[in-house]
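A.B. asks: Coordinates only, no sequence provided:
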């Protein structure tokens with residue numbers, strides 16, 4: 001899941017959290033999580049003063065941000081000396097699965 005400014009939202013992205021008017025988390029949501037964004041929905045959010053939204057995965061990479069492969073390589077480096085211990089291996093698998101799911105990585109990577 002990634003929080004992005006509304007101006008970077010594109011049709012086809014999926015909303016990961018309920019959207020509230022004016023980015024205030026109180027009150028009635030104006031759109032529920034799991035909704036697929038359309039151009040008209042993005043325009044409606046803009047008219048309702050929504051500044052940012054949470055979307056599934058990690059679709060927007062900003063300049064200077066580490067790549068997904070760099071993040072996984074760093075994780076490997078942190079656990080390389082302790083993977084022979086069962087609990088550390090379990091923690092590694094949990095964290096790697098979380099990264100893959102939350103950042104929209106390939107599901108094939110979980111098998112590695």
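C.D. replies: Done, it's in. Just so you know, these numbers come straight off a predicted model, no measurement behind them.
A.B. asks: buried stuff in the longest helix seen in the chain?
C.D. replies: The helix that spans the most residues within the chain, counting by DSSP state H, is helix 86-102. Using 16 or more other C-beta atoms under 10 Å as the test for burial, helix 86-102 gives 92, 96, 99, 100. For glycine as for every other residue, the C-beta is placed from the backbone atoms N, C-alpha and C.
A.B. asks: pull the helix or strand with minimum mean pLDDT from this protein.
C.D. replies: Ranking every helix and strand in the chain by mean pLDDT, DSSP states H and E puts strand 2-5 at the bottom, with a mean of 83.
A.B. asks: now for that one, which elements pack on it?
C.D. replies: strand 52-55 (3 or more C-beta pairs under 8 Å, 6 or more residues apart in numbering; DSSP states H and E).
A.B. asks: Tell me the helix or strand right after the strand it packs on.
C.D. replies: Moving toward the C-terminus from strand 52-55, the first helix or strand encountered (DSSP states H and E) is helix 68-79.
A.B. asks: Counting neighbours, which bits of that following helix end up buried?
C.D. replies: 68, 71, 72, 79.
A.B. asks: In this structure the last one contacts residue 94, no?
C.D. replies: In this case it means residue 79. No: using C-beta atoms under 8 Å, residue 79 is not in contact with residue 94; the gap is 11.3 Å.
A.B. asks: how far away is residue 90 from residue 67?
C.D. replies: 26 Å (C-beta to C-beta, to the nearest Å).
A.B. asks: about what we covered before: can you mark which positions in the least confident helix or strand of the chain are buried?
C.D. replies: Result for strand 2-5 [16+ other C-beta under 10 Å]: buried residues 2, 4.
A.B. asks: Mind listing what's buried along whichever helix or strand comes after that strand?
C.D. replies: Next in sequence after strand 2-5, counting helices and strands by DSSP H and E, comes helix 39-47. Judged by neighbour count (16+ other C-beta under 10 Å), helix 39-47 contains these buried residues: 41, 42, 45.
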